[in-house]
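S.K.: Provided below are the primary sequence and the corresponding predicted coordinates.
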Amino acid sequence: MLRIFNKRKSKEELLDELGPIYHSYHLFGVNNKAIPKFFRNQKCKEPIILSYILNALAKTRDEKPGQNVSFAELFCADGYYALAAAHFGATKSIGIDNNRGKHFERAEQIREILGISNCEFIEMDVNNIDTLSPIDIVANIGGLYHVENPEHILDKSYALASKYLIVQNVVSLATDSVDYFESPAPGWTWGSRYSKQSFTNLIKRKGWNIVDSHFNHLEGNKALASKGSLYFLIKK
């Protein structure tokens with residue numbers, strides 16, 4: 001159910017009423033309170049992910065002149081990148097999350113505060129995304145390391161995308177083994193982990209058309225098992 005907001009208050013004031021949220025929405029001209037750990041990681045991931053989204057949107061518009069361009073963010077948490085894609089011009093944007101971390105509960109409220117109409121949110125387990133119709137650009141970002149079957153979800157993400165797939169995954173820096181895979185993730189009772197080398201090899205084994213790739217460190221994570229971050233822009 002949508003909340004009725006006081007229109008006399010600024011977007012920043014309304015966002016701050018929600019308390020600290022997963023992302024900073026500075027892209028939308030506000031300086032809201034973001035959860036510090038997640039914000040430190042956002043600063044590391046955001047430039048690469050946003051550049052991939054913009055690239056994929058621009059290329060898809062060229063390939064589909066005058067037609068709608070759709071986007072979906074998997075593991076969307078509070079929906080930041082789904083909202084960003086809508087802000088950048090995606091005709092229809094969808095954020096998908098199972099709400100396990102409870103950040104998803106804020107997504108619709110944030111969308112309403114920002115006044116973005118071409119974005120919707122679906123509470124769904126990523127294992128069920130094969131029930132959706134094809135989407136031009138799919139962003140599988142920030143969640144593969146949460147699941148026990150990441151390769152299976154990766155394949156489903158690729159099948160869902162009709163034009164581009166954007167992938168971001170947390171990888172371990174505690175090992176450089178080329179065949180490392182562990183589930184549950186180290187120190188957890190859930191999730192999974194690849195090394196930088198093993199996840200890169202997995203993507204390359206697929207034979208997919210990799211347009212760009214990147215690697216950096218997540219400053220908000222202290223453990224070596226969660227310190228690395230890999231990115232891929234893949235064209236169908």
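M.R.: That came through fine.
S.K.: all strands for the protein, in order.
M.R.: Secondary structure of the chain (DSSP state E): strands located at 70-74, 92-97, 119-123, 135-141, 161-171, 181-182, 193-194, 209-217, 228-235.
S.K.: tell me how far the longest one lies from the chain's centre.
M.R.: It stands for strand 161-171. Relative to its chain's centre, strand 161-171 lies at 9 Å (C-alpha atoms, centre = their mean, to the nearest Å).
S.K.: and residue 122, bridged to which residues?
M.R.: Beta-bridge partners recorded for residue 122 (DSSP bridges): residue 96.
S.K.: contact partners for it?
M.R.: When contacts are counted by C-beta atoms under 8 Å, 6 or more residues apart in numbering, residue 122 touches 94, 95, 96. Placement of C-beta: from N, CA and C, glycine included.
S.K.: can you list these in CSV and add distance to residue 154, neighbour count and pLDDT?
M.R.: CSV is the format used below for the contacts of residue 122 (distance: C-beta to C-beta, whole Å; neighbours: other C-beta atoms under 10 Å; pLDDT from 0 to 100):
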residue, distance to residue 154, neighbour count, pLDDT
94, 18, 23, 98
95, 19, 29, 98
96, 15, 24, 98
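S.K.: which stretches of the protein have low pLDDT?
M.R.: For the chain, the stretches flagged by pLDDT under 70 are 1-7.
S.K.: circling back: CSV for the contacts of residue 122, including distance to residue 135?
M.R.: CSV is the format used below for the contacts of residue 122 (distance: C-beta to C-beta, whole Å):
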residue, distance to residue 135
94, 7
95, 12
96, 10
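S.K.: which one of those is nearest residue 169?
M.R.: Proximity of the contacts of residue 122 to residue 169 (C-beta to C-beta) peaks at residue 96, which lies at 16.7 Å.
S.K.: spit out the contact partners of the closest one.
M.R.: By C-beta under 8 Å, 6+ apart, residue 96 lies in contact with 72, 73, 74, 75, 76, 121, 122, 124, 126, 129.
S.K.: measure the closest residue to residue 147 other than its chain neighbours to residue 98 for me?
M.R.: Spatial nearest neighbour of residue 147, chain neighbours left out: residue 153 (5.5 Å); criterion: C-beta to C-beta, 6 or more residues apart in numbering. The gap separating residue 153 from residue 98 is 12 Å, by C-beta to C-beta, to the nearest Å.
S.K.: for those two, indicate the residue with more neighbours.
M.R.: Of the pair residue 153 and residue 98, residue 153 is the one with more neighbours under other C-beta atoms under 10 Å, namely 21 against 16.
S.K.: quick one: that one from residue 35, how far?
M.R.: Taking C-beta to C-beta, one finds residue 153 at 25 Å from residue 35.
S.K.: same thing with residue 63?
M.R.: According to C-beta to C-beta, residue 63 and residue 35 sit 38 Å apart.
S.K.: do residue 41 as well
M.R.: Taking C-beta to C-beta, one finds residue 41 at 10 Å from residue 35.
S.K.: show me the contacts for the residue nearest the centre of the chain.
M.R.: Nearest to the mean C-alpha position of the chain, by C-alpha atoms, centre = their mean, lies residue 141 at 3.3 Å. Each residue near residue 141 by C-beta under 8 Å, 6+ apart is listed here: 45, 49, 73, 74, 75, 81, 166, 167, 168.
S.K.: what's the answer for residue 107, then?
M.R.: Shown in contact with residue 107 (C-beta under 8 Å, 6+ apart): 76, 77, 78, 79, 82, 95, 97, 121.
S.K.: about what we covered before: between the strands of the chain, which gets nearest to residue 22?
M.R.: Closest to residue 22 of these is strand 92-97 (C-beta to C-beta; 10.5 Å).
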